[in-house]
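Novice: Here you go, sequence then predicted model.
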Amino acid sequence: MTDDTTTAAAATDTLGYEQARDELIEVVRRLEAGGTTLEESLALWERGEELAKVCRRWLEGARARLDEALAQPGKDQQDDAG
């Protein structure tokens, strides 16, 4: 990995869900619009793949938290009664 690639990967890991999603939307828009060179298109595609992974990790984490909360029936009722 080059320093630029390492820096980009590290920056991607710190993105929040909304930031990654918004940037991914922009990447897709640019790819669909065309007019980029093959090299630019490949770079955009790779960036889009990384952003999609970030979004997927956030969504999987949110699902796990929801599943965990739903697996604890009555927890809120017990906390309120105490």
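Specialist: Yep, that arrived. Residues are numbered from 1 along each chain as shown.

Novice: Every contact and neighbour count from this point should use C-alpha atoms.
Specialist: Fine.

Novice: What's the separation between the residue nearest the centre of the chain and E39?
Specialist: By Cα atoms, centre = their mean, the chain has its centre lying nearest to C55, at 1.9 Å. Taking Cα to Cα, to the nearest Å as the measure, C55 falls 24 Å from E39.

Novice: Likewise for Y17?
Specialist: 27 Å.

Novice: more neighbours, the two?
Specialist: Neighbour count, other Cα atoms under 10 Å: between Y17 and E39, Y17 has more, with 17 against 9.

Novice: And stretch 12-27, what's buried?
Specialist: T12, Y17, A20, R21, E23, L24, V27 (16 or more other Cα atoms under 10 Å).

Novice: and if you look at stretch 68-77?
Specialist: Under the neighbour-count rule, stretch 68-77 has none buried (16+ other Cα under 10 Å).

Novice: Point out where this protein drops to low pLDDT.
Specialist: For the chain, the stretches with pLDDT under 70 are 1-10, 75-82.

Novice: Perfect, that will be all.
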